[in-house]
Each structure stands twice: as structure tokens, then as C-alpha cells.
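Trainee: no FASTA, just this:
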């Protein structure tokens, strides 16, 4: 069966339902149905290998017993189907009895349905959606592989789904970061704000070629760990990992900041951390109290940087995406975080990406910081990615691709300063790639906004995004002005 047009078929049905409003709701609706179908196919495999297997779901709630249309005229549909889903299925899953001894492969059913909703109001249309999804046979390796590509397309649609866009990092970005970090099967790999699981699945794709033995497969199955606070991305992530044959996804549904960072034991630390933390948000005072007072920022990306530093093992490696605000921030908290980062870790590389990488979700310029816990920082390389030849900006129809990282990958293993001559009245020299010593960075007040901006991109922005971009640029200028004023004041004091 060809399933290449499955997303179109699902969309065509769901747009007719008055209960579904917008891309995020449509995706959530599709994915909770998809999860139950995938889970049922997984249970069939577990039953085949274990004659004593018992489902955590009551028999009437298992996909095979309510969702499958046997074409005998008895399939639930219309109001009867809506009543079953709203009054039996969802409440039944909510009441599942789990405890610390419940295997992850069973407990995820309850966790995945926390705060998930049935938005559809038309039971006939809901039946059509269920039937389309039931056509897919996830026990067929070819169909499962094809659907993995379709699922990735569905996740990609989050970029244009309002605030839901924060949960999706373009796959070429995650692939590049994973490749530069170069994880192995011996590593324990974490993402403390894992969203839809992009870094985790990119890591699994990278590791699968290293699997040669049964022991390797066991390491592979237990290599990744994630935390996701919000219900929609958690549902998307768990389903994503099940599709990647991780039967017991080790993903926690909670706030990453709900414990004091000093309380983490050695066995709760990781060899590799790969992240794109949410930014723009703020945490309440009682959450901030879980961090040392000098590192206690209210902005989420500040807190995530501190969390990473406390949960990275000795000799561990990290790649993390951060907005410009972290680089040029000179408030006490950001300076303290950057000072700790460079004293206790080796911040060896910062790659600045073009601002439209995350368009249309946001136009804020982002940077990838690469560091490890091997020594103190003695120098930092900066590399600026420019738009590829023939591109004015990245967009939904012209997204960033794996090949757009070829230049930075070539430079990575043969590091040289790259002068970027720009014509100006002062005939100043700027750099596409340059190395700065730790002394230069300290003398600069830990303002590490040293990458230079990518060549101008021609983007027509929505008013909200335009305001965000101007605010970022203003903050950068203010930081530079404050630095100059501090230098002038120091000179005046010395006279």
C-alpha cells in the first residue's frame, strides 16, 4: 500500500471537523490516535516474543478491540464512537495504575495522555481518521521506514504552528550538532528540553551503524534520555521514539528545573548533552531557588546552561543552541554563568547561524556553543555561517539543508582564520572565522558576541518578529555602549 499521501488524506478529513482549530490541534489529534495504533503493533511483537505478556490497557481500550474496522458493520462510529473516546478511552487511560515498578514501556501510555485532548466533534470524520491510520502496518519494515519520513514532515509543520514551533529544531541542524559531537554507544546522551525528540532521533540515526552485536543493541536501546515539560511535544517525542524502535523511551514528563542542581548524583550525569533550550520564557521564584544565587537567572536559557553544567560528566561534551542575548548579555547572572563556563569547561567553538534558520517560528539569531568538561577554556573559535549562494533567506519552501553545513564541517577539522573584507568608510576588517584568547574575552567583560552577523538576509517579517529582532539588536548595541562607558569611567578614575 502506498502511504505517501497519508498526511494529505488526514488533513482533508480533519479540516471538515469544527472542533479542530489550527495546525497544533490537528497534529495533536492525529498523534494520539497514531500513538495507540503504534503501541498496539508494538504489543503484538511483545506478545510474539513473550507468551506471558499482559497489556497495561484493559481489553476494551486496546486498539484492536475498538478502533479496527473489520468491515462487518459493527465498528464504532458517529456519536457512539465519540462517547466511547470521551467517556471510556480517555478516562480509562487516566485511571491506569502505575508505580515505580511499572516498566517504562507500559507507564508511557498513562504519561503520554496527560493533558492530551480529543478535539474532533464529528464521530463519522473521527472514524475516517482512525481508518486511515489503521491502514499503516508498523510491523512492515518498508512501511514503517516510509512513515518515519512522513512523521518527520508532520513535525516540521510545527515551525509554522504558532508557539508550537519552539518544539522543533530543523533536522539538518540537529544532524550537524550530533556529527560534530560524535557520540558512541558507550555514551549516555541527554536532552533536558527534548521537544519532539529531534536531537534524540538524530543521535539514534548516527549510532545505529555502530550496532554490531546483541550487547551493542542493548547499549543503543538505553543510550538516550530526555525531559519534556509540555504535553504535546511529549506525546510527539514518545511516538517518534517508538517509531525508531525504542520500546522503552526514557523520557520524563516534568519540569527540568524541579530539583536543586546541587543534588544530582554522579549516576544522574551524562557524557553528552545536545539541546535547543526554549528561550523567551521565565521561571517563577521557587523554581529559581533550585539554582545557586549567583547563577539564578529568570530566563529559561540561562537556567538551562546552569543545569547542563551541573549534569555533564567529567570529559563530557555538549552542543547547545542559544540566542544572541546569551552571548552579549552583561548582566551579573549571564556574566557569572559565562565565567563558570570558561573556568570549569572548555568552550572551544561558537557557530553563529543565519537568523532565518528557525523561520517562520522566529527570526532571532541563534548560535551553537560547543564545549566539554576536559579543562578550562584557553581560546574560543568563532565561525559565522552565511546564507548559501542563491538564497536570500531560509523559508518553508527553501529550508536549511544538510549540505549547507558542508563549509563549516570542512573548516572544523582545519581551523584557520577567515578574513571577510567588507567595504566601508573605515575600511575595517571583519572575520568569518576567528580565534580569541580567554584573556581577550575576559577583557571584553565576557561579552562573547564576537562572531559577526551573517550577510544581510532579505526577510519580510511579521510585526511581532520584527519587534523581537529590533529588541535583540538594541540589546547588543546597549551592551557595547555599556562596555565603552565602563572603559571611559575607568580612565577618568585613574586620572
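Mentor: Good, I have the coordinates. Keep in mind that this is a model prediction, so the values were computed, not measured. Numbering: from 1, shown residues only.
Trainee: In contact with residue 120, which residues are there?
Mentor: If a contact means CB atoms under 8 Å, 6 or more residues apart in numbering, then residue 120 has 14, 17, 19-20, 29, 82, 126, 129 as its contacts. Where C-beta positions appear, they are placed from N, C-alpha and C, glycine not excepted.
Trainee: Which of the residues you listed fall within strands?
Mentor: In strands, judged by DSSP state E, none of the contacts of residue 120 are found.
Trainee: Just give me the closest of the residues you listed to residue 450.
Mentor: Of all those, the one sitting nearest residue 450 is residue 29; the distance, using CB to CB, is 45.8 Å.
Trainee: my read: the closest one touches residue 14, true?
Mentor: Yes. Residue 29 is in contact with residue 14 according to CB atoms under 8 Å; the separation is 6.7 Å.
Trainee: Between those two, which contacts overlap?
Mentor: Residues touching both residue 29 and residue 14 by CB under 8 Å, 6+ apart: 20, 120, 129.
Trainee: what's the pLDDT at residue 456?
Mentor: pLDDT, residue 456: 49.
Trainee: Same question for residue 151.
Mentor: The score at residue 151 is 86. That number is its pLDDT.
Trainee: The closest residue to it other than its chain neighbours: how many residues sit nearby?
Mentor: Nearest residue to residue 151, sequence neighbours excluded (CB to CB, 6 or more residues apart in numbering): residue 243, at 6.0 Å. For residue 243, the neighbour count with other CB atoms under 10 Å is 21.
Trainee: now swap in the one 5 residues further on and tell me
Mentor: By the other CB under 10 Å criterion, the neighbourhood of residue 248 contains 15 residues.
Trainee: Tell me the one of the shared contacts of residue 29 and residue 14 nearest residue 310?
Mentor: For those, the nearest to residue 310 is residue 20 (41.5 Å; CB to CB).
Trainee: doesn't residue 13 make contact with that closest one?
Mentor: No. With contacts counted by CB under 8 Å, residue 20 stays clear of residue 13, the gap being 9.9 Å.
Trainee: Settle this for me: residue 239 is touching residue 38, isn't it.
Mentor: Yes. Using CB under 8 Å, residue 239 is in contact with residue 38, at 6.2 Å.
Trainee: what about the two, which has more around it?
Mentor: With neighbours defined as other CB under 10 Å, residue 239 and residue 38 compare such that residue 239 has more, 27 against 23.
Trainee: residues in contact with the helix or strand containing that one?
Mentor: Element membership for residue 239 (DSSP states H and E) is helix 231-243. Here helix 231-243 makes contact (CB under 8 Å, 6+ apart) with 24, 27-28, 31-32, 34-35, 38-39, 42, 108, 111-116, 138, 144, 147-148, 151, 155, 164, 167, 194-197, 200-201, 224, 226, 228, 249, 251, 253.
Trainee: Same check on stretch 30-48?
Mentor: Contacts of stretch 30-48 with the rest of the structure, by CB under 8 Å, 6+ apart, involve 10, 14, 53, 55, 62-64, 67, 105, 109, 112-113, 116, 118, 129-130, 133-134, 136-139, 154, 235-236, 238-239, 242-243, 247.
Trainee: are any of those buried, and which?
Mentor: The neighbour-count test (16 or more other CB atoms under 10 Å) marks 10, 14, 55, 62-63, 67, 105, 109, 112-113, 116, 118, 129-130, 133-134, 136, 138, 154, 235-236, 238-239, 242-243 as buried among the contacts of stretch 30-48.
Trainee: one step back: so residue 20 and residue 13 - more neighbours on which side?
Mentor: Neighbour totals were compared for residue 20 and residue 13, and residue 20 leads with 23 against 20 (other CB under 10 Å).
Trainee: what is residue 433 paired to in the beta sheet?
Mentor: Residue 433 has these beta-bridge partners by DSSP bridges: residue 383, residue 418.
Trainee: Share the number of residues neighbouring it, please.
Mentor: Each residue near residue 433 was counted by other CB under 10 Å, and the total is 20.
Trainee: what's the answer for residue 170, then?
Mentor: 21.
Trainee: can you check residue 171 too?
Mentor: 20.
Trainee: where are the low-confidence patches of this structure?
Mentor: Across the chain, the ranges flagged by pLDDT under 70 are 1-4, 159-165, 360, 421-428, 453-487, 490-491, 493-495.
Trainee: And it, split by domain according to the record?
Mentor: The record's domain parsing of the chain by automatic domain parsing lists 6-140, 170-193+256-494.
Trainee: would TSV of those domains with distance to residue 206 be doable?
Mentor: Shown next, in TSV, are these (distance: least, CB to CB, whole Å):
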stretch	distance to residue 206
domain 6-140	23
domain 170-193+256-494	5
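Trainee: Tell me which of the ones you listed lies nearest to residue 218.
Mentor: Shortest distance between residue 218 and the domains of the chain, using CB to CB, is found for domain 170-193+256-494: 9.4 Å.
Trainee: from the chain's centre, how far out does the closest one sit?
Mentor: Computed by CA atoms, centre = their mean, to the nearest Å, the chain-centroid distance of domain 170-193+256-494 equals 16 Å.
Trainee: which stretches of the stretch 351-495 of the chain form strands?
Mentor: Assigned by DSSP state E, counting those that start in this stretch, the stretch 351-495 of the chain shows strands spanning 366-372, 379-384, 418-421, 429-437.
Trainee: so what does the longest one touch, helix or strand wise?
Mentor: Identification of packing neighbours for strand 429-437 by 3 or more CB pairs under 8 Å, 6 or more residues apart in numbering; DSSP states H and E yields strand 379-384, strand 418-421.
Trainee: which SSE is residue 272 in?
Mentor: Assigned by DSSP H and E, residue 272 belongs to strand 270-275.
Trainee: ok and that strand relative to strand 366-372, angle-wise?
Mentor: Strand 270-275 and strand 366-372 are oriented at 170 degrees to each other (axes from the mean of the first three to the mean of the last three CA atoms, to 10 degrees).
Trainee: Tell me which strands strand 270-275 pairs with, and in which orientation.
Mentor: According to DSSP bridges, strand 270-275 forms sheet pairs with strand 189-191 (parallel), strand 312-323 (parallel).
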